[in-house]
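>>> 3D, please:
(2 chains)
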Amino acid sequence: MSADRTAPAGGAARTEPAGSAARTEPAGSTARTAAARPVAEPRRVVLTGCGALSSIGDGVAEFTEGLRAGRVGTGDISVFDTTGFPSRRGHQVNGFDAAARLHRLEPERTGRATQFAAAAARMALDDAGLDEEWLRARRGTVVVGTTDGEVGELDLLTESALALGLAAFTGASLSRTATGGLALGVVRELGLSDVEPSTVATACAAGNYAIGAGFDAIRAGRAEWALVGGADALNRKTFAGFARLGLIAPDECRPFDTDRMGLLTGEGAGLLLLESEESARARGAEIYAEVLGYGINCDASHPTAPERDSVARCIRLALENASVKPEEVDLISAHGTGTPTNDTTEIAAIREVYGDRPPRTVGVKAMIGHTMGAASALGAIASALAIRHGFVPPTANHRTTDPDCPVDVVPNASVPADVRIVQNNGLAFGGNNAVVLLGRHDSPRGEYAR
Amino acid sequence: MSTAVITAWSAVSPYGTGRAPLAAALRARTAAPESAGPEEWTSDPETTARVVPGFEVRDALGKAGTRGMDRLTGLTAVTVRELLAGTGPVGEDEELGTGLVLGIASGSVQGFMEFTKSSLEGASPIDVSPSKTPNMAMNRAASASAIRHRLKGPNTTVAAGRLSGLVALDQARRLLADGRAERVLAGSAEEYSATRAHLTRAAHGAGTVLGEGCVMVLLEPVGTATGTPLAEVLAVHHRVAPDGDFAGALAAAVDAALAEAGTTAAGVWAAVPSEAPGTAGDQERRVHEELFPAAARDRAASVALLGETAAATGAYQLAALLSEPGAPGRIALLTAADPDGPVGCAVLRLLTDGAAG
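Have a look, this model is predicted:
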């Protein structure tokens, strides 16, 4: 089973109707680029570039070092006024120099989440050893997951409307607050046109949704490359909401800990450059990992609480789609928010699939906070780095593992390990679950040092 | 890509609840009635819009599980209920196989801003309404609809401005083609609100009349559809106009979609533009004039009848095409344009005479 990577995408894929691939090149300007075409056999999809912005570092090198060192990026939030909140702690991206990171987007006319998405996309492109011209020559897809889009801009507009009245609404406000602006911002920053942008707003599982959409597009031949992931910026609205629900930890986020007291909101972006294995090999690209498959489903049960059986079902969908057996999985990058409910339910779901000996299960949110729509994208990057560099990032801030979360959380210090297959979880309000499987790609060059 | 068929559709529109009032009004080319929007923060009692008249979420859906629910979610959930009337998933296999893809613009902007306003004005910054907290997730409308009808398949909320309906249709057919769902409800929704009106008018002119509503279609794989196929989705293509060249990018998108559909502009029976505001709309109309004869351009109802419906526009265009009578097998095309740059095109084959409902 595990050797068969050509299984249909969701277990029920249908064959292409004869003739659909035999179309002649459309006339006009579309002929300039290599049109993506349906392919007879599903293609293998590989990850060749990562862009990361987080409280523990900008860029994949800093992010890697932070994960390896178990660095915790908690600090006082300063991007909005936290006066009067029970706590002001969170995971902010500090020292982000938008003007230095962005070549085309004008920071003063662009919301913070869009700036993050565009900057991380550029990092991923550079990291993959590609340039804009390469992207322009091929049909591509840009999918950015988010929880809040540019809600931070709406916060500012609200303040301004309270102060100024209707004069607060200017001609630029609509574009600036549009959720679709995140993916569009990536397209604008890279000067692209023959590309399909979409912003996926499936809350805190959105990053994995985006990776899944890019995976399917390349696998089926609808796109030659995909820039996918997630981005979110800290904002008052979401901070107030989580605080009101009593979900914010007073000091640190402690996933799976007996004394865990909640999450810490965070911000950042994770963008991944995906392409076909054939494409990566042809250009001699270094491959972080292969995207083996994914699963998405919906609990259809409760607006905010996850459901164990449904999460377990989503994990099984991903394993089946990736043609991976549970015993082949070396590591789980959990959703692990550090709230009492999430962690217990998630571990119960993992044990439902993996039995009494689940693989090491880590919660990187202890280090980077809950980055919302970016969370599972940064989790996927962390998973790829674990495979690439042979280490397991730790669950930081850990004291005592909750007996109701009986897994090896790799407390506080990373460990060297031969990591071949990683499961990356994303669970969201609304019961939107998404699980991505990444695996080592046995490069013909036989080396993994980067 | 293997094609998908639309086997049912429904709506909540300014003409009323369900498919029939919308289809009848579109066939008759009746402009949607204007009425006052809800009373809320920043609302102006003098302002009218093409709203769903008298729509109150809890009246429409009942009191259970609807406390604090925003209007966007209410419009979507009622549309889903209407669409599934009598055809909802039966048994766990069907529940697991049924997905939903909803296109939105920015969620409930009014709800978000009022939540922040409470935080800014309250005695404490966390004096916000717990019953409104679930609305703060932008996937609220899609996930609440799934909860109400046990739709346990892929549940996606996609934001692409005025292209949201078209992109939702595309993502839904991909979920089917890739075997990730057995059937998918796809469409897009927009709520009217005072703040959305201010945002839209500041961007597109004080005279802009706003609309709202939701249209959803049921999409099934062509080979395994259980319902009567109403239309086959032959192609969807979208891209981004560089530097304000909407016409060039849209023409390329139409070319690509027609090629994927295996037809030409001359084969198009009806072509419906998205009536984008400003230069995007001017260029969109120009592309239609260059590509399609007047007969095709005038064949189906214009979504201008509904006002500026933002994210819901593409779904309303689908409704206009599905409602227009004609001989089975006719080719219908819609284009979409967003003033921020995205443009796209979908091509359908209409399989019935379009006279029902």
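>>> burial measure for the spatially closest residue to B:Ala177 that is not a sequence neighbour, as a count.
In this structure, B:Ala177 finds its nearest non-sequential neighbour in B:Met1, 4.7 Å apart by Cβ to Cβ, 6 or more residues apart in numbering or on different chains. To be clear about C-beta, it is placed using only N, CA and C from the backbone, and glycine gets the same treatment. By the criterion of other Cβ atoms under 10 Å in any protein chain shown, B:Met1 has 22 neighbours.
>>> ok, now how distant is B:Met1 from A:Gly221?
Using Cβ to Cβ, to the nearest Å, one obtains 9 Å as the distance from B:Met1 to A:Gly221.
>>> number of nearby residues for B:Ser145?
Using other Cβ under 10 Å, B:Ser145 is surrounded by 29 other residues.
>>> How are the strands of the stretch 251-357 of chain B distributed by residue range?
With strands called from DSSP state E, counting those that start in this stretch, the stretch 251-357 of chain B shows them at B:268-272, B:330-337, B:342-350.
>>> Not counting sequence-adjacent ones, nearest residue to the residue in the stretch 351-450 of chain A positioned nearest to chain B?
Residue of the stretch 351-450 of chain A nearest chain B, by Cβ to the nearest Cβ: A:Gly430 (2.7 Å). In this structure, A:Gly430 finds its nearest non-sequential neighbour in B:Ser143, 2.7 Å apart by Cβ to Cβ, 6+ apart.
>>> in which helix or strand would I find that neighbour?
Assigned by DSSP states H and E, B:Ser143 belongs to helix B:140-149.
>>> And B:Thr195, by the same measure?
Using DSSP H and E, B:Thr195 sits within helix B:194-204.
>>> where does the stretch 251-357 of chain B dip in pLDDT?
Scanning the stretch 251-357 of chain B with the threshold set as pLDDT under 70 gives B:357.
>>> can you list the residues of it near chain A?
Within the stretch 251-357 of chain B, the positions near chain A by Cβ under 8 Å from any Cβ of the partner chain are B:251-252, B:255-256, B:258-260, B:262, B:338-342.
>>> sorry, back to before: quick one: pLDDT of the residue of the stretch 351-450 of chain A closest to chain B?
Reported pLDDT at A:Gly430 in the predicted model: 90.
>>> same thing with A:Arg450?
pLDDT, A:Arg450: 33.
>>> Buried residues of stretch A:57-76, list them for me.
A:57-60, A:63-64, A:66-68, A:70-74 (16 or more other Cβ atoms under 10 Å in any protein chain shown).
>>> just to revisit the earlier point, next, the residue nearest to B:Ala177: secondary structure please.
When classified by DSSP: H, G, I helix; E, B strand; the rest coil, B:Met1 comes out as coil.
>>> Confirm for me that it is in contact with A:Asp216.
No: when contacts are counted by Cβ atoms under 8 Å, B:Met1 is not listed as touching A:Asp216 (10.6 Å).
>>> Now do the shared contacts for these two.
Common contact partners of B:Met1 and A:Asp216 (Cβ atoms under 8 Å, 6 or more residues apart in numbering or on different chains): A:Arg222, B:Arg174.
>>> ok but the residue of the stretch 351-450 of chain A closest to chain B is inside a strand, no?
No: counting by three-state DSSP, A:Gly430 is not part of a strand but helix.
>>> okay, now the residue of the stretch 1-150 of chain B found nearest chain A: neighbour count?
Closest to chain A within the stretch 1-150 of chain B is B:Ser143: 2.7 Å, counting by Cβ to the nearest Cβ. By other Cβ under 10 Å, the residues close to B:Ser143 number 31.
>>> Within its sheet, name the partner strands of the least confident helix or strand in chain A by mean pLDDT and how each one runs.
Lowest by mean pLDDT, DSSP states H and E among the helices and strands of chain A is strand A:57-58, with a mean of 94. Sheet pairing here is set by DSSP bridges, and for strand A:57-58 it gives strand A:45-54 (antiparallel).
>>> Could the C-alpha coordinates of the partner strand be exported in CSV?
Once non-C-alpha atoms are left out, strand A:45-54 reads as follows in CSV (Å, rounded to 0.1, in the frame of the first residue of the first chain):
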residue,chain,number,x,y,z
VAL,A,45,4.2,16.9,-5.6
VAL,A,46,7.2,18.2,-3.8
LEU,A,47,8.0,21.1,-1.6
THR,A,48,11.0,23.1,-2.8
GLY,A,49,10.8,26.5,-1.1
CYS,A,50,9.6,27.7,2.3
GLY,A,51,8.9,31.2,3.6
ALA,A,52,8.3,31.7,7.3
LEU,A,53,7.4,34.7,9.4
SER,A,54,6.9,34.1,13.1
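>>> Could you pull up the mean pLDDT of it?
The average pLDDT within strand A:45-54 is 98.
>>> Test my guess that B:Lys117 contacts A:Ser160.
No: applying Cβ under 8 Å as the test, B:Lys117 and A:Ser160 come out as separate, 11.5 Å apart.
>>> Among those two, which residue is more densely surrounded?
Neighbours were counted for B:Lys117 and for A:Ser160 using other Cβ under 10 Å; B:Lys117 has more, 19 against 15.
>>> Let me know the secondary structure of that one.
The three-state label given to B:Lys117 by three-state DSSP is helix.
>>> Over to A:Pro197?
When classified by three-state DSSP, A:Pro197 comes out as strand.
>>> what are the bridge partners for it, then?
In this structure, A:Pro197 bridges to A:Val142 when assessed by DSSP bridges.
>>> Look up how far chain B lies from A:Thr238.
Taking Cβ to the nearest Cβ, to the nearest Å as the measure, A:Thr238 falls 7 Å from chain B.
>>> where's that residue, which helix or strand?
helix A:236-244.
>>> give me every residue that touches the residue nearest to A:Pro340 when sequence neighbours are not counted.
Distances taken as Cβ to Cβ, 6+ apart put A:Arg260 closest to A:Pro340, at 6.6 Å, once the chain neighbours are dropped. Neighbouring residues of A:Arg260 by Cβ under 8 Å, 6+ apart: A:Ala249, A:Cys253, A:Arg254, A:Gly338, A:Thr339, A:Pro340, A:Asp343, A:Asp402.
>>> secondary structure class for A:Arg260?
Classification of A:Arg260 using three-state DSSP returns coil.
>>> how far away is it from A:Arg316?
For A:Arg260, the distance to A:Arg316 - Cβ to Cβ - is 27 Å.
>>> same question, A:Val143
To A:Arg316, A:Val143 is 24 Å away according to Cβ to Cβ.
>>> quick one, which of these two is more surrounded?
Just comparing A:Val143 and A:Arg316: by other Cβ under 10 Å the higher neighbour count belongs to A:Val143, 30 against 17.
>>> wouldn't the more buried one be in contact with A:Ala210 here?
Yes: with contact defined as Cβ under 8 Å, A:Val143 reaches A:Ala210; the gap is 4.0 Å.
>>> biggest helix in chain B by residues?
Among the segments of chain B that qualify as a helix by DSSP state H, the longest is helix B:246-261.
>>> Show me how chain B divides into domains.
Using automatic domain parsing, the domain parsing of chain B gives B:4-221, B:231-350.
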